[in-house]
Each structure stands twice: as structure tokens, then as C-alpha cells.
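**Q** Starting from these lines, generate the structure:
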Amino acid sequence: MKKWSFYSIAILTLLSLTSCEAVETIFKAGMWWGIILVVGVIAIILWLFSRGRNS
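**A** So this is what the prediction gives:
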């Protein structure tokens, strides 16, 4: 029964979203994760440099 409910939800989602909307949603999520990761890496690098100067 779980497979049927999963398949029905997946088909309903695919039918309700057009392909352009689905791709747009995926790229928006990817863009935000990329921004968060870049800011995080820059923050870690700055923290390491400031920590090294204090020693």
C-alpha cells in the first residue's frame, strides 16, 4: 500500500507542475544552497585567518 500512495503522490505532483516550474524550483533551491555554502566557506576561512593572527 505504501508504494501505491507514493506513486500516486509522485504522479499528482508531476501532473500539477509543468516542467518549467519543476526546473525553476530545483534551480532556486540549488542557488540558495550554493549561496549558503559559499558564505559558510568564506566565514570559516576568515575565522581561521583571524585565529592565526591572534596566536
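**Q** For this protein, give me the ranges with low pLDDT.
**A** The chain contains residues with pLDDT under 70 at 1-4, 17-19, 22, 54-55.
**Q** can you give me the helices for it?
**A** Remark: helices assigned in the chain by DSSP state H are 2-16, 19-54.
**Q** Now mean neighbour count too, for these, in TSV please.
**A** No exception for glycine: its C-beta is placed from N, CA and C like everyone else's. Putting those into TSV (neighbours: other Cβ atoms under 10 Å) gives the following:
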stretch	mean neighbour count
helix 2-16	9
helix 19-54	10
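**Q** can you pull the contacts of S50?
**A** Not one residue lies near S50 by Cβ atoms under 8 Å, 6 or more residues apart in numbering.
**Q** Starting from A43, give me the distance back to it.
**A** Between S50 and A43 the computed distance is 11 Å (Cβ to Cβ, to the nearest Å).
**Q** E24 too?
**A** Counting by Cβ to Cβ, the gap from E24 to A43 is 29 Å.
**Q** again, but for S5
**A** Counting by Cβ to Cβ, the gap from S5 to A43 is 42 Å.
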